[in-house]
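Visitor: when you get a sec, could you give me coordinates for this:
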Amino acid sequence: MKPSKTILPIIVIAQFCCTSLWFASNAVMSDLVLHFNLNPSVVSYLTSAVQFGFILGTLVFALLAIADRFSPSKVFLISALLGAACNLGILWDGNNLASMLSIRFLTGFFLAGIYPVGMKIAADYFEKGLGKSLGLLVGALVLGTAFPHFLKGMTSGLPWELVILCTAGLAILGGLMMVFFVPDGPFRKPSQGVNIKAFFGIFENKNLRTAAFGYFGHMWELYAFWAFTPFMLAAYSNLHPQAQFNIPILSFIIIGIGGLACILSGYLSESFGTKKIATIALLLSCICCLISPLLFIQPSATLFIAFLLFWGMAVVADSPLLSTLVAQNAPAEVKGTALTLVNSIGFAITIVSIQLISWLQLSTNSSLIYSFLAIGPIFGLLALRQKNK
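Guide: Numbering: from 1, shown residues only. The predicted structure is shown next:
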């Protein structure tokens, strides 16, 4: 049965609304530092806390096969409501670093019931054209991730709390949209229960393993690039005082343009092949990592912004395609578990790269530090060279 034409747009909008929780604290980081008397270096810790929460959440969801045993739309709603509640916890005046790390950790935990579960819902509706569908879905994730920066830029001069309230409200809206308008998909095959053997046997499939390793390499770069985009803009401004940037708005555009790249790569994959387009995108982002130091020292601010825009597209264009390869090579009854487990490992890798760049940033003012992000794409490209069975 062909799904309603409204299903995919609703899934995409709901995903956008809920993933706005991801970088909500990053968008108001300078305000949080002042309001709660925090050390300016906390950006890496608060970002990593979300990633840690997401990792633990995805492991729990995968081990218990939550998205395969229960209605994914209901799982999405409950996760969205709890994530929004945690996000609102940032507004508590009694917060200190420990409580804020806990709040962001729990927000990340409940995001595990949003991002991979949203992909699972899409996979339950679209067997054909899954790459295009996940391209739209990951595009929504990218735009949602960038949206708090846009809110911050547009509400300059207004209380920072408004960004937190808006992102929490969007998450609630997204969860309600999913549960009321997206019933279980026609290709869903409910799991009969917890299957520990299936959990540990997921990577026995060579094609799935190849796709997963490509995804892991991609993740090394992705969230570190997103987290440090404002810092790259600030670093360029310090080197070239004539360059005056609206950092929140530019951060939104640079991160958000990746959503268009996801949609484009999804369409291209239908004509040229999913693995081929993913490999090209990963190669382009690898080149961006390697040449990034040269762009910091050149004097044209326009060229620098154009480069970051291109990097913002290349860095995420492969994401929906690698997830598509994972979904296509996973048995239907553990598809949700496979997507969730691969997400979990991928996000664990992001913590290492974020902390590495943060440490390098504190140790040196050199723009060479961003070339270390090429480690992941190189690994991913080597993995994708493996021939499918």
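Visitor: so what's the closest residue to N207 other than its chain neighbours up against?
Guide: Ranked by C-beta to C-beta, 6 or more residues apart in numbering and with sequence neighbours excluded, the top spatial neighbour of N207 is N329, at 4.3 Å. Every C-beta, even on glycine, is put in place using the N, C-alpha and C of the backbone. Each residue near N329 by C-beta atoms under 8 Å, 6 or more residues apart in numbering is listed here: N205, N207, L208, A211.
Visitor: I'd like to know how far N329 sits from T340.
Guide: N329 sits 15 Å away from T340, going by C-beta to C-beta, to the nearest Å.
Visitor: could you point out the longest helix of the protein?
Guide: In the chain, with assignment by DSSP state H, the single longest helix is helix 206-239.
Visitor: return the distance of it from the chain's centre.
Guide: 10 Å (C-alpha atoms, centre = their mean, to the nearest Å).
Visitor: state the next helix or strand along the chain beyond the helix or strand I280 falls within.
Guide: Following DSSP states H and E, one finds I280 within helix 274-297. Per DSSP H and E, the first helix or strand lying C-terminal to helix 274-297 is helix 301-317.
Visitor: let's test this: mean pLDDT of that next one, rounded?
Guide: Averaged over helix 301-317, pLDDT sits at 97.
Visitor: for the longest helix of the chain, buried residues please.
Guide: 207-233, 235-237 (16 or more other C-beta atoms under 10 Å).
Visitor: repeat for stretch 30-50
Guide: So for stretch 30-50, counting by 16+ other C-beta under 10 Å, buried means 31-32, 36, 38, 42-50.
Visitor: who touches stretch 381-388?
Guide: Contacts to stretch 381-388, defined as C-beta under 8 Å, 6+ apart, come from residues 206-207, 210, 213-214, 216-217, 275, 278-279, 282-283, 286.
Visitor: quick check: mean pLDDT of the helix holding I280?
Guide: 96.
Visitor: secondary structure element for V342?
Guide: Here V342 is assigned to helix 335-363, by DSSP H and E.
Visitor: got the angle for that helix vs helix 206-239?
Guide: Between helix 335-363 and helix 206-239, the angle comes out at 30 degrees (axes from the mean of the first three to the mean of the last three C-alpha atoms, to 10 degrees).
Visitor: who are the packing partners of helix 335-363?
Guide: For helix 335-363, the elements it packs on are helix 42-63, helix 66-69, helix 115-125, helix 196-201, helix 206-239, helix 319-328, helix 375-384, judged by 3 or more C-beta pairs under 8 Å, 6 or more residues apart in numbering; DSSP states H and E.
Visitor: just the angle between that helix and helix 42-63, please?
Guide: Using the same axes, to 10 degrees, helix 335-363 lies at 160 degrees relative to helix 42-63.
Visitor: now do helix 335-363: distance to the chain's middle.
Guide: 10 Å.
Visitor: now stretch 149-165
Guide: For stretch 149-165, the distance to the chain centre is 21 Å (C-alpha atoms, centre = their mean).
Visitor: got it, and stretch 247-260?
Guide: The answer for stretch 247-260 is 13 Å, by C-alpha atoms, centre = their mean.
Visitor: repeat that for stretch 328-345.
Guide: Worked out by C-alpha atoms, centre = their mean, stretch 328-345 lies 17 Å from the chain centre.
Visitor: name the surrounding residues that touch the helix or strand hosting I13.
Guide: I13 belongs to helix 7-19 when assigned by DSSP H and E. With contacts defined as C-beta under 8 Å, 6+ apart, helix 7-19 is touched by 76, 79-80, 83, 111, 114-115, 118, 121-122, 125-126, 133, 136-137, 139-141, 143-145, 147, 170-171, 173-175, 177-178, 181-182.
Visitor: hmm, back to that, distance of the residue nearest to N207 from V342?
Guide: For N329 relative to V342 (C-beta to C-beta), the value is 11 Å.
Visitor: could you list the low-pLDDT ranges of the protein?
Guide: Along the chain, the parts satisfying pLDDT under 70 run over 1-3, 127-129, 185-202, 332-333, 336, 387-389.
Visitor: what residues sit buried inside the helix holding V342?
Guide: Neighbour counts over helix 335-363 (16+ other C-beta under 10 Å) mark 335-351, 353-358, 361 as buried.
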